[in-house]
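S.K.: Please find the sequence and the predicted model below.
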Amino acid sequence: VGKHFSVRGPLNVPRSPQGRPVIVQAGSSEGGKTLGSRYADAIFTTQTTLADGQAFYQEMKNRARAWGRNPDHLKIMPGLSTVIGSTEAEARARFDRLNDYLGESSLVQQIAFRIGIPLDELDLDAELPWQRIGPVSEFKGSHGFLEAQLNLARREKLSVRELSRRILVGHRLIVGTPEQVADTLEEWFLAGAADGFNIMPDSFPSGVESFVDEVVPLLRKRGVFRHEYSGRTLRDHLGLPHPRSQYERTDQAASA
């Protein structure tokens, strides 16, 4: 199958020649995982560490199998925010400019909002107040975003300020050279944490151009991304089967 990429943009519902849309589900609540594993063709998810990505990947494949589905027909695509520079220093400078534009207050406010604690009650240079954070299942917002951020902060013992600079729009963040971006994509793919990725560049169009012109060729050289398309539809590109038409089944039943 190789890797698949989605770049965030206007919503379109792609359809196969038989009229069957490609169903993409997002959300990691219990209800979301049940829905996605049973009906979705692809799942967009937020995973911030390789271990969490592998666990989610295996869980969803097992859930699909339990529904009687071929797990290869459910594509898991974690989100990845990218900030790319020709050198690591250039990428960091680009990231700093982005943070200056957003403002630190905006970055840490995102953390406060997700954990449900007012910003003025957080010590930005201390770890999250774990004793005040309840079970993820009790939060009304996105369970996936919250759990991914908590897992990252807990594993690496990050302060609130550090965490705010490791998460961009709620997803895993890589700031570095094209080689470093290609490295992490290849690692996750080969380690069984992703079938593809939902790529969110830092800016348009320059961030997309850097990814397409500099990262994709590296992935092709490493043999983990296609050199050409073998079909014409998104379903073909994802390596998904074309389901039979419900009307074809009805006609066959009537003639039997």
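M.R.: Looks like it came in fine. Numbers count the residues shown, from 1 in each chain.
S.K.: which residue ranges form the strands in the stretch 1-150 of the chain?
M.R.: Along the stretch 1-150 of the chain, the stretches classed as strands by DSSP state E, counting those that start in this stretch are 5-7, 24-26, 42-45, 75-84.
S.K.: Point out where the stretch 1-150 of the chain drops to low pLDDT.
M.R.: Regions of the stretch 1-150 of the chain meeting the criterion pLDDT under 70 cover residues 1-19.
S.K.: now with 50?
M.R.: Applying pLDDT under 50 to the stretch 1-150 of the chain picks out residues 1-2, 8-17.
S.K.: State which helix of this protein is the longest.
M.R.: Counting residues, the longest helix in the chain under DSSP state H turns out to be helix 50-66.
S.K.: contacting residues around that one?
M.R.: Taking contacts as CB atoms under 8 Å, 6 or more residues apart in numbering, the residues outside helix 50-66 that touch it are 28, 33-34, 36-38, 43, 45, 47, 70-71, 73-74, 76, 78, 148, 151, 187-188, 191-194. Where C-beta positions appear, they are placed from N, C-alpha and C, glycine not excepted.
S.K.: So among those residues, which ones count as buried?
M.R.: Listed as buried from the contacts of helix 50-66 are 28, 33, 36-37, 43, 45, 47, 71, 74, 76, 78, 148, 151, 188, 193-194; burial here means 16 or more other CB atoms under 10 Å.
S.K.: what's the farthest-apart pair in the residues you listed?
M.R.: Taking CB to CB as the measure, the buried ones among the contacts of helix 50-66 span a maximum distance of 23.6 Å, between Pro71 and Asn151.
S.K.: Just give me the neighbour total for Glu156.
M.R.: Summarising burial for Glu156: neighbours were counted as other CB atoms under 10 Å, giving 12.
S.K.: Repeat that for Phe44.
M.R.: When counting by other CB under 10 Å, one arrives at 22 neighbours for Phe44.
S.K.: shouldn't it be in contact with Ala26?
M.R.: Yes - Phe44 is within contact range of Ala26, at 4.1 Å (criterion: CB atoms under 8 Å).
S.K.: Redo the strands of the stretch 1-150 of the chain as JSON lines? Include distance to Val208.
M.R.: Output for those, formatted as JSON lines (distance: least, CB to CB, whole Å):
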{"stretch": "strand 5-7", "distance to Val208": "6"}
{"stretch": "strand 24-26", "distance to Val208": "19"}
{"stretch": "strand 42-45", "distance to Val208": "18"}
{"stretch": "strand 75-84", "distance to Val208": "9"}
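S.K.: Those strands: which one's closest to Lys140?
M.R.: Distance to Lys140, taken as CB to CB, is lowest for strand 24-26 among the strands of the stretch 1-150 of the chain, at 16.8 Å.
S.K.: Partner strands of that closest one and their direction?
M.R.: Counting by DSSP bridges, the strands paired with strand 24-26 are strand 42-45 (parallel).
S.K.: picking up where we left off before, and the angle from the longest helix of the chain to strand 75-84?
M.R.: Compare the direction of helix 50-66 with that of strand 75-84 by axes from the mean of the first three to the mean of the last three CA atoms, to 10 degrees and you get 160 degrees.
S.K.: Mind listing what's buried along helix 50-66?
M.R.: Judged by neighbour count using 16+ other CB under 10 Å, the buried positions of helix 50-66 are Leu50, Asp52, Gly53, Gln54, Phe56, Tyr57, Met60, Lys61, Arg63, Ala64.
S.K.: Report the buried residues of stretch 137-154.
M.R.: Across stretch 137-154, burial judged by 16+ other CB under 10 Å covers 139, 142-153.
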